[in-house]
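Trainee: Kindly return the folded structure for what I paste below:
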Amino acid sequence: MKHSKSLKHPDRKPHRLGLPTLPELLEVMAEQARPLRMDRLLMVLGLARRDRHDLESLLTTLRTRGQVLRLRGGSWIRSEQLQHITGRFTALREGGGFVTPLKTDTEKKNWHRHTSLYQTDIYISAWRTGEAWHQDLVRVALSPGPTRGRSPEGHIVEVLERTLREVPALADRHTGRTLYCR
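Mentor: Below is the predicted model:
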């Protein structure tokens with residue numbers, strides 16, 4: 001006797017016409033309560049593989065709004081599901097940087113298990129800095145899982161306070177209307 005696909009995957013919704021709206025997509029991700037790879041997200045939504053690019057564009061829209069994050073390995077997660085801290089961003093020359101955590105009362109209550117995080121900076125790769133500049137006050141979502149180096153890793157979700165009004169740069173060259181700086 002053959003098993004139907006719905007028996008193999010009880011959380012699979014029947015195929016529906018069209019893509020979900022942004023609030024529906026966020027709701028589905030909240031129901032799953034764990035990072036989802038693209039194939040799993042397509043299965044849970046009941047979408048065909050041909051809808052993959054359209055779903056990626058929806059997720060990219062949510063990522064620019066700071067509502068979802070793409071983790072290392074291609075999984076997607078709601079930013080509220082990750083632990084957040086507030087701190088000062090220190091930029092490095094190659095584009096990445098470190099966030100030095102600030103100790104606030106609400107964060108102390110949430111971080112009672114992670115007291116060592118206040119002693120170390122959080123590493124932000126160049127692709128995860130968002131729109132943060134050097135010395136900005138930012139909110140960081142910590143990446144789940146083991147760290148690759150000494151410092152925990154994170155994503156800048158929001159710039160809370162812009163410290164610098166002007167950014168010093170050396171004009172290297174220009175092509176047409178594009179100016180290249182160092």
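
Trainee: Please report the distance of residue 76 from residue 126.
Mentor: Going from residue 76 to residue 126 by CB to CB, to the nearest Å gives 20 Å. All C-beta atoms are positioned from the backbone trio N, CA, C, and that covers glycine.

Trainee: Looking at the two now, which is surrounded by more residues?
Mentor: residue 76 (22 against 11; other CB atoms under 10 Å).

Trainee: Can you pull the phi/psi pair for that one?
Mentor: Main-chain torsions, residue 76, degrees, to the nearest 10: phi -110, psi 140.

Trainee: so it bridges to which residues?
Mentor: residue 36, residue 70 (DSSP bridges).

Trainee: thinking it is in contact with residue 69, fair?
Mentor: Yes. Under the criterion of CB atoms under 8 Å, residue 76 makes contact with residue 69 at 7.3 Å.

Trainee: State the distance from the residue most central in space within the chain to residue 174.
Mentor: The centroid of the chain falls nearest to residue 69 when counting by CA atoms, centre = their mean (2.6 Å). From residue 69 across to residue 174, the span is 35 Å (CB to CB).

Trainee: is it true that the residue nearest to the centre of the chain touches residue 75?
Mentor: No. Assessed by CB under 8 Å, residue 69 is found out of contact with residue 75, at 9.2 Å.

Trainee: Contacts for stretch 157-164, please.
Mentor: For stretch 157-164, contacts defined as CB atoms under 8 Å, 6 or more residues apart in numbering pick out 66, 69, 79, 84, 86, 130-141.

Trainee: hmm, try it at 6 Å
Mentor: 66, 79, 131, 132, 133, 135, 136, 137, 138, 139, 141 (CB atoms under 6 Å, 6 or more residues apart in numbering).

Trainee: if we can go back for a sec, how about the residue nearest to the centre of the chain, what does it touch?
Mentor: Taking CB under 6 Å, 6+ apart as the test, what residue 69 contacts is 77, 79, 155.
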